[in-house]
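Trainee: Turn this into a structure:
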Amino acid sequence: FSSCLKHVDKTSPPPCQMLALRALSNLFSCQQGEDLLRTYRESVISRVFEQLFPIVGDNKNIQIAAATLMLNYSVSVTKKFDDDTQVQLLSALSINFLTFINDWEARFRTVVAIGTLLTTSPEGVDYAKNLETKDAVRGWRLLEGPAKVSECAQLIENML
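Mentor: Below is the predicted model of the structure:
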C-alpha cells in the first residue's frame, strides 16, 4: 500500500504513477481492500489532490486511473456515508479534476463520480455549489466531446 502511495506523485515515472493508481483502484474489488482505502482515505485523496496534479504530459492513462480511483471512492461513499469523505472528494474533483483533466474517458469518470456524490446528500449539493462545480461542468458540456460526458454534465447542472 505505501509503495503505491509514494508513486502517486508527479515526480515519479509516469508508468509507476499509473500502475500505483490502478493498484489502489483495484483494492476496491474486495471488502478488505475497500476497508483499507476508507481507513487511509485522507492520505490517499490528499496525495492525489496535492502531489499528482498537474499530470505530467497530460498522460491520459494517468488521468483515467486517477479518475477511476475517485469514482471508486464515490461509490464507496454511497455504501457507507461519510460527510468528511464526501467533502474531500468533491474538493479534489471540483478543483483539480475539473481544471486539469482533458481526456474524455477520464472526464466521463469524473462527472460520474461527482454525480454519484451529489445524489448522496443535500449537503453535497450545497458544497458543490460553493465550489462552483456547475460552471466547470458546464464548460465540459459545451465542448464537442462524447455524448455521455455532455449528458452527465447536464444532469449535474440540473442538480446544482
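
Trainee: Next, the buried residues of the helix or strand hosting L21.
Mentor: Assessed by DSSP states H and E, L21 sits inside helix 14-26. By 16 or more other C-beta atoms under 10 Å, the buried positions in helix 14-26 come out as C16, Q17, M18, L19, A20, L21, R22, A23, L24, S25. Every residue, glycine included, has its C-beta placed from N, CA and C.

Trainee: could I get these as CSV with distance to G57 and pLDDT?
Mentor: Below are these laid out as CSV (distance: C-beta to C-beta, whole Å; pLDDT from 0 to 100):
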residue, distance to G57, pLDDT
C16, 14, 97
Q17, 11, 97
M18, 12, 97
L19, 16, 97
A20, 17, 98
L21, 15, 98
R22, 18, 98
A23, 21, 98
L24, 21, 98
S25, 21, 98
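
Trainee: and after the helix holding L21, which helix or strand comes next?
Mentor: Following helix 14-26 toward the C-terminus (DSSP H and E): helix 31-39.

Trainee: Just the CA trace of that following helix, in CSV.
Mentor: Provided in CSV are the C-alpha atoms of helix 31-39 (Å, rounded to 0.1, in the frame of the first residue of the first chain):
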residue,chain,number,x,y,z
GLN,A,31,-14.2,-5.7,1.1
GLN,A,32,-10.8,-5.8,2.9
GLY,A,33,-9.3,-3.5,0.2
GLU,A,34,-12.2,-1.1,0.4
ASP,A,35,-11.9,-1.0,4.2
LEU,A,36,-8.2,-0.3,3.9
LEU,A,37,-8.7,2.5,1.5
ARG,A,38,-11.5,4.0,3.6
THR,A,39,-9.2,3.9,6.6
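
Trainee: which strands and helices sit next to the host helix or strand of R107?
Mentor: Counting by DSSP H and E, the element that carries R107 is helix 104-118. Contacts defined by 3 or more C-beta pairs under 8 Å, 6 or more residues apart in numbering; DSSP states H and E place helix 104-118 against helix 60-79, helix 83-92, helix 122-130, helix 133-142, helix 147-159.

Trainee: For it, which outside residues touch it?
Mentor: Helix 104-118 is contacted from outside by 60, 63-64, 66-68, 70-71, 73-75, 77-78, 86, 89-90, 93-94, 97-98, 101, 124-125, 128, 133, 137, 140, 145-146, 148-149, 152-153, 155-156, 159-160, using C-beta atoms under 8 Å, 6 or more residues apart in numbering.
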